[in-house]
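> quick one: sequence and predicted model below, then my questions.
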Amino acid sequence: MSPTVAHDDLVWANGYFFGRPTRYGIMTAQLKQFIDTSGPLWMQGKLAHKPVTAFSGAMNLHGGQENTIHSTYAVMEHWGTIIVPPGYTDPLLYAAGGNPYGVSYTAAMGSTGVSAEALAAARYMGARLARYAEVLATNAKRLVP
């Protein structure tokens, strides 16, 4: 059983790495429900000033992965986060498909997992997010009015 994320995790975390499959080119209903119920934290400003990045996967190459990532970033813009996409900052991102918005992958029906290239790109993206999270958390008092 995988761990469940709670709203308290959004408060203590120094950054967010959202990943989920795409459903019709948008985030899954479960993630949307979790985000929708985070309103009280958002209203208190407890989600702002933190870096965020996102990834997505679908069954087919043009299954809406980029749109799903963008829809996640739209929410994060409302929260006041700092979006940290991978861009084209490392050659290994090209091997994983070259998505500058966030790692995306295609997992065909019956697939046993994500490619080694996509996993490497996701690790890179996570390390990049962690570097920004550390800098922002260390300097929060200087950066946030």
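Perfect, thanks for sending it.
> C-alpha from now on. contacts and neighbour counts both.
OK.
> mind listing what's buried along stretch 58-74?
Going by neighbour count (16 or more other CA atoms under 10 Å), the buried part of stretch 58-74 is 58, 59, 63, 64, 65, 66, 67, 68, 69, 70, 72, 73.
> got the end-to-end distance for it?
20 Å (CA to CA, to the nearest Å).
> now residue 94, nearest residue through space, not along the chain?
Leaving aside its chain neighbours, residue 94 sits nearest to residue 88 (7.8 Å; criterion: CA to CA, 6 or more residues apart in numbering).
> please report phi then psi for that neighbour.
Residue 88 has phi and psi values of phi -120, psi 60 when expressed as degrees, to the nearest 10.
> that one reaches residue 97, doesn't it?
No - taking contacts as CA atoms under 8 Å, residue 88 lies outside contact range of residue 97: 10.9 Å.
> between these two, tell me which one has more neighbours.
A direct count of neighbours by other CA atoms under 10 Å for residue 88 and residue 97 places residue 97 higher, at 16 against 13.
> doesn't that one fall inside a strand?
No - read with DSSP: H, G, I helix; E, B strand; the rest coil, residue 97 is coil and lies in no strand.
> that one and residue 39, how far apart?
For residue 97, the distance to residue 39 - CA to CA - is 34 Å.
> next one: residue 74
From residue 74 across to residue 39, the span is 15 Å (CA to CA).
> before we move on, what about residue 105?
30 Å.
> same thing with residue 14?
On the measure of CA to CA, residue 14 and residue 39 end up 18 Å apart.
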